[in-house]
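Asks: from the sequence below, what's the structure:
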Amino acid sequence: MVFKKLMRAFGVGGPGVDTVLHRADTQPGRTLTGTVEITGGDHDVVIQEVVLSLVTRAEVEMGDAEGGAVVEFARSVVSGEFGLAAGEERRIDFELPVPWETPVTMFYGKPLRGMAVGVRTELAVAKAVDKGDLDPVNVHPLGCQEAVLEAFEGLGFQFRSADLEHGRIHGVAQQLPFYQEIEYIAPSQYRGRVGEVELTFVADPREIEVVLEADGRSGGDAFGRFRMSHEEAESADWPSLVGGWVSELADRIPHQSHHGGHHGGMGGVVAGAAAGVVGGMVLGEVFDEVGEELFGEE
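Replies: Here you go, the predicted structure:
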């Protein structure tokens, strides 16, 4: 993937930049590699630094309104200061780690509607910074994430949408300032009791948490959480785990009271422990969004 751009912030005749990714397909926890190719303009300049970052778009609640904001969630300085003569060509090889909590943008080799991640290149010259254009990145699920997604599909859940919510999940060791929600419409056997189920992954190098939120037709919301190693999650019987959880909720949700707000608690409903799941399955108040410093809109 390549983008070519004459840097806006530096005016006509300023340096140009091409960012070439060796491979645009990746997974959480991996590393993107490539080369930044910089071409001098019609006069000598001093490049103060070259920075690469991963960016995405997250939904941010502001009072009663909700809007999108561009969020930078990984950043790497790939070069310090150097002089660039007129017409000179400079190549900078780079490695950019992909955080474990990076949202999935692909499933079965196809784009996940509503999700996008890109690499942004920044050049700083004389205190002016040009952020250039985005180079799209395809983030494929980890094996354990793919197993969960396949289970939802196999159980008859219908994909509805995916987005990123700016905030924190209560009780989860979350590193990024947002979390991904993959929303499904419940299959027909749960209709009238469970309307939608939202799926969130929070991974680290050793383990993954699978967080579920079910929206009851009667107004009650229910939350569940599974935590296990990547290896356990990849081989777990997710159709049984998810199907059993939703079936139990289908009986309980009509008796819940709504506590207000999209992420309200559900009054302490607890399901039985699931075999093979580290720490069992816990239901209760999982989400607790907090006000984070927002990245600027672009």
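Asks: quick check: domain ranges of this protein?
Replies: Here the domain parsing of the chain from automatic domain parsing is 2-139, 143-283.
Asks: now do the first one, average pLDDT.
Replies: Mean pLDDT, domain 2-139: 86.
Asks: off-centre distance for that domain?
Replies: Its chain's average C-alpha position is 17 Å from that of domain 2-139, according to CA atoms, centre = their mean, to the nearest Å.
Asks: my read: Leu212 touches Gly243, true?
Replies: No. Using CB atoms under 8 Å, Leu212 is not in contact with Gly243; the gap is 11.7 Å. In short, each C-beta sits where N, CA and C put it, glycine included.
Asks: neighbour count: those two, which is higher?
Replies: Leu212 (24 against 20; other CB atoms under 10 Å).
Asks: okay, now Gln189: neighbour count?
Replies: By the criterion of other CB under 10 Å, Gln189 has 14 neighbours.
Asks: how close does it get to Ser247?
Replies: Relative to Ser247, Gln189 is positioned 9 Å away (CB to CB, to the nearest Å).
Asks: over to Arg193?
Replies: 10 Å.
Asks: got it, and Val77?
Replies: For Val77, the distance to Ser247 - CB to CB - is 51 Å.
Asks: what does Thr39 give?
Replies: 61 Å.
Asks: ok, Asp204 next?
Replies: Counting by CB to CB, the separation of Asp204 from Ser247 is 30 Å.
Asks: which stretches of the stretch 101-250 of the chain form strands?
Replies: 106-107, 110-111, 117-125, 128-130, 134-139, 158-166, 178-185, 194-203, 207-216, 221-229 (DSSP state E, counting those that start in this stretch).
Asks: and Pro28, how many residues sit next to it?
Replies: Using other CB under 10 Å, Pro28 has 20 other residues around it.
Asks: do Asp44 as well
Replies: 12.
Asks: how far away is the residue lying closest to it once chain neighbours are set aside from Asp42?
Replies: For Asp44, ignoring the flanking residues on the chain, the nearest one in space by CB to CB, 6 or more residues apart in numbering is Ala85 at 5.2 Å. Distance of Ala85 to Asp42, given as CB to CB: 11 Å.
Asks: repeat for Trp100
Replies: 44 Å.
Asks: quick one, which of these two is more surrounded?
Replies: Neighbours were counted for Trp100 and for Asp42 using other CB under 10 Å; Trp100 has more, 21 against 10.
Asks: now do the helices in the stretch 1-150 of the chain.
Replies: Assigned by DSSP state H, counting those that start in this stretch, the helices in the stretch 1-150 of the chain fall at 143-154.
Asks: neighbours of Gly171, just the number please.
Replies: Gly171 has 15 nearby residues by other CB under 10 Å.
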